[in-house]
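In: Structure for this input, please:
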Amino acid sequence: MPVPSPRPTMTPASILARQTTANTAASLAEIAQAAQRMWSSGAAGPLAPLHLAARSARWWTAMVDRKVPEWHLPHRTVLSTPFAHVHDFSPADALPGVVPTLVLPPQAGHSSHVVDFAPGQSQLTAILDAGLTQLYAMEWRPATAQTRGVTITDYLEVIDRAILHAGGRANLVGDCQGGWLAAIYAALHPERVHTLTLAGAPIDFHGGESVIAASTHLLTSALGMAPYRTLVALNGGNMSGRAVLSNFILMQPQSEVGRHLQLFENLDDPQHVERYRVFEDWFKYTQDIPGAFYLWLVEHLFQRNELIDGRLVVGGRRADLARITCPLLLLAGAKDHITPPAQLFAAARAVGTPPAGIVQRTSSAGHLGLFTGRQALTEDWPVLMAEVRRCS
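Out: Sure, this is the predicted structure:
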């Protein structure tokens, strides 16, 4: 049965206007606070021109010296396609009889390494520590001229191949875009999904007060899909990862400003510089998204919101969320500006899982903090994965 989206409390234009005002104020406040801290603490040192020039050169070098993100946990690649790898992170002493777990990272112009962000900050480690030692993770590869025509059915097929390789039935964990992919797959193949865990994943794309939903509504109402098709065409048939990154930065420019100013203040703190480097290595290392896939998701999910109301058809089959009856675990971020909690928690009303089989948890984190934040990784993921392990 279709589940209607909650009526928005603000118009798209008012959401964007409010966000623009808030961002401007927050960015100015970041600059003022940083200047006050440096002036009061002397963090910039003597104001001699040569000293400032040398410090500024170190600051600039730290900002532009980027490395390619990499996996930290040992693994082996068990399946490979031109647009995705499947990696096996199962340790040699993996417990027998444990239901396999497959993690679907976000696919939004960044590398999949966010699920194994850094030693001590790894979602995959949290899953392994819960006893889910038959562990696989997808790695979405950068789009090329050869993969620009990859479609949603190709993505779902490689997920199916991964689960079949793992034994035919798996705990499915989806983060952000990987979450709606997981939900669509589970609706089409409920017999292959043992448990479904979604974190920061939009299911009702029009739910809550979302800047992305508001901007998409205004743009498509005025111009249809033309702006998105133009962006893809200008990039040779793929959506530019750099363009996606720019959009994310514009949504909260104060975070970008604050991060760089804090680096200038803390250039003499090796731990701070290293934390900055690790984040920037991932955040600024972008990858293109297959154009056909990107245009499909904008039209059918962000614009038409077909998943939550039961209208979504993929490969001739309707992706009915009511067909999902397995245990469902939902993790939202109270400060998530990308996916407001309402967009995720709408899944609880749409699936066929009985209420007793649904866990809804709200972390204090923002969007990225759900996957990389120490609090989420030490307080939220262990609880959810313990429940998955209990079901396994």
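
In: helices and strands around the helix or strand containing Ala186, which ones?
Out: With elements delineated by DSSP states H and E, Ala186 resides in helix 177-188, which encompasses its position. Judged by 3 or more Cβ pairs under 8 Å, 6 or more residues apart in numbering; DSSP states H and E, the packing partners of helix 177-188 are strand 101-104, helix 152-166, strand 170-175, strand 193-199. Just so you know, the C-beta spots here come from the backbone N, C-alpha and C atoms, and that holds for glycine as well.

In: Quick check: can you name the pairing partners of the shortest one and their directions?
Out: If I follow you right, that is strand 101-104. Partners of strand 101-104 in the sheet, by DSSP bridges, are strand 135-140 (parallel), strand 170-175 (parallel).

In: Count the neighbours of the closest residue to Ala183 other than its chain neighbours for me.
Out: If you skip the residues right next to it in sequence, Ala183 has Ile203 as its closest partner in space, 5.9 Å away by Cβ to Cβ, 6 or more residues apart in numbering. Using other Cβ atoms under 10 Å, the number of residues around Ile203 comes to 28.

In: and if you look at Thr144?
Out: The tally of other residues near Thr144 (other Cβ under 10 Å) stands at 16.

In: Return the residues in contact with it.
Out: When the contact criterion is Cβ atoms under 8 Å, 6 or more residues apart in numbering, the partners of Thr144 are Pro82, Asn238, Asp288.

In: Please repeat the previous calculation with a cut-off of 10 Å.
Out: Taking Cβ atoms under 10 Å, 6 or more residues apart in numbering as the contact definition, Thr144 lies against Pro82, Phe83, Val150, Gly236, Gly237, Asn238, Gln287, Asp288, Pro290.

In: so the fifth one touches Ala143, yeah?
Out: Yes. In terms of Cβ atoms under 10 Å, Gly237 counts as a neighbour of Ala143; the distance is 8.4 Å.

In: any idea which of the contacts of Thr144 is closest to Ser122?
Out: When the contacts of Thr144 are ranked by distance to Ser122 (Cβ to Cβ), Gln287 comes first, at 20.3 Å.

In: Near that closest one, how many other residues are there?
Out: Counted with other Cβ under 10 Å, the burial measure for Gln287 works out to 20 neighbours.

In: Ok, Ala233 next?
Out: Other residues close to Ala233 by other Cβ under 10 Å number 11.

In: Helix, strand, or coil at it?
Out: helix (DSSP: H, G, I helix; E, B strand; the rest coil).

In: Could you pull out the strands in the stretch 201-350 of the chain for me?
Out: Using DSSP state E, counting those that start in this stretch, the strands of the stretch 201-350 of the chain run over 238-239, 289-290, 313-314, 317-318, 328-333.

In: Next up, the contacts around the residue lying closest to Ala108 once chain neighbours are set aside.
Out: Once its chain neighbours are removed from consideration, Ala108 has its nearest residue in Gln177; the separation is 5.3 Å (Cβ to Cβ, 6+ apart). Residues in contact with Gln177 (Cβ under 10 Å, 6+ apart) are 104-109, 140, 155, 200-202, 289, 297, 301, 339.

In: Can you give the distance of the helix holding Ala186 from its chain's centre?
Out: In terms of Cα atoms, centre = their mean, to the nearest Å, the centre of helix 177-188 is found 14 Å from the chain centre.

In: go on, stretch 143-158?
Out: Centroid displacement of stretch 143-158 relative to its chain, using Cα atoms, centre = their mean, is 19 Å.

In: what's the first-to-last distance across that stretch?
Out: Terminal residues of stretch 143-158 are spaced 15 Å apart (Cα to Cα, to the nearest Å).

In: in that stretch, what counts as buried?
Out: With burial defined by 16 or more other Cβ atoms under 10 Å, the residues of stretch 143-158 counted as buried are Ala143, Thr144, Thr147, Arg148, Val150, Ile152, Asp154, Tyr155, Leu156, Val158.

In: In a markdown table: those, plus pLDDT and distance to Arg317.
Out: Listed next are the buried residues of stretch 143-158 as a markdown table, based on pLDDT from 0 to 100; distance: Cβ to Cβ, whole Å:
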| residue | pLDDT | distance to Arg317 |
| --- | --- | --- |
| Ala143 | 98 | 25 |
| Thr144 | 97 | 29 |
| Thr147 | 98 | 24 |
| Arg148 | 97 | 25 |
| Val150 | 98 | 19 |
| Ile152 | 98 | 12 |
| Asp154 | 98 | 15 |
| Tyr155 | 98 | 15 |
| Leu156 | 98 | 10 |
| Val158 | 98 | 17 |
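
In: Identify the farthest-apart pair in the residues you listed.
Out: Looking across these, with Cβ to Cβ as the criterion, the two at the greatest separation are Thr144 and Leu156, at 20.4 Å.

In: what about the helices and strands packed on helix 177-188, which gets the closest to Glu256?
Out: Where the helices and strands packed on helix 177-188 are weighed against each other on Cβ to Cβ, the nearest is strand 170-175, at 21.9 Å.

In: and for stretch 58-67, what are the contacting residues?
Out: When contacts are taken as Cβ under 10 Å, 6+ apart, the neighbours of stretch 58-67 outside the stretch itself are 259-261, 263-265, 267-268, 273, 276-278, 280-285.

In: now Met138, nearest residue through space, not along the chain?
Out: The shortest distance from Met138 to any residue other than its chain neighbours is 5.2 Å, reached at Leu104 (Cβ to Cβ, 6+ apart).
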